[in-house]
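Colleague: here is a sequence with its predicted model. Questions after.
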Amino acid sequence: MLRFSEAEDARMAKSDWARHIEAWQGSGFSQAAYCRRQGLSAAYFSQRLRAYRAAPVVSAPALIPVRVEPAVSAGESGVLH
């Protein structure tokens, strides 16, 4: 199997590493076995895993309910008296 060097591993984008880490977590393999199967450096994988775990979790923005009301017609000023 093709094996990447640590220099080649280092050139992968953070998103590529995140995908590898998430795939490993769901694989049932040990880190070493996953890296062997994927041709990755186990030492560099461990470094990327530590960085991944240390990164702050960014959650999706919450949805806020909005009520839409009809617009004021041309004959109404919209001013309360």
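Modeller: Yep, that arrived. Numbers count the residues shown, from 1 in each chain.
Colleague: quick one, helices of the chain?
Modeller: All helices of the chain, identified by DSSP state H, fall at 6-10, 14-27, 31-38, 42-54.
Colleague: so which of the ones you listed gets nearest residue 68?
Modeller: helix 14-27 (37.1 Å; C-beta to C-beta). Where C-beta positions appear, they are placed from N, C-alpha and C, glycine not excepted.
Colleague: rounded mean pLDDT for the closest one, please.
Modeller: Mean per-residue pLDDT for helix 14-27: 90.
Colleague: list the buried ones in that helix?
Modeller: Going by neighbour count (16 or more other C-beta atoms under 10 Å), the buried part of helix 14-27 is 17, 20, 21, 24.
Colleague: kindly report the same for stretch 43-57.
Modeller: 44, 45, 48, 49.
Colleague: sorry, back to before: of the helices of the chain, give the one that comes closest to residue 60.
Modeller: Ranking those by proximity to residue 60 (C-beta to C-beta) places helix 14-27 first, at 15.8 Å.
Colleague: what's the closest one packed up against?
Modeller: Contact partners of helix 14-27 among helices and strands, from 3 or more C-beta pairs under 8 Å, 6 or more residues apart in numbering; DSSP states H and E: helix 31-38, helix 42-54.
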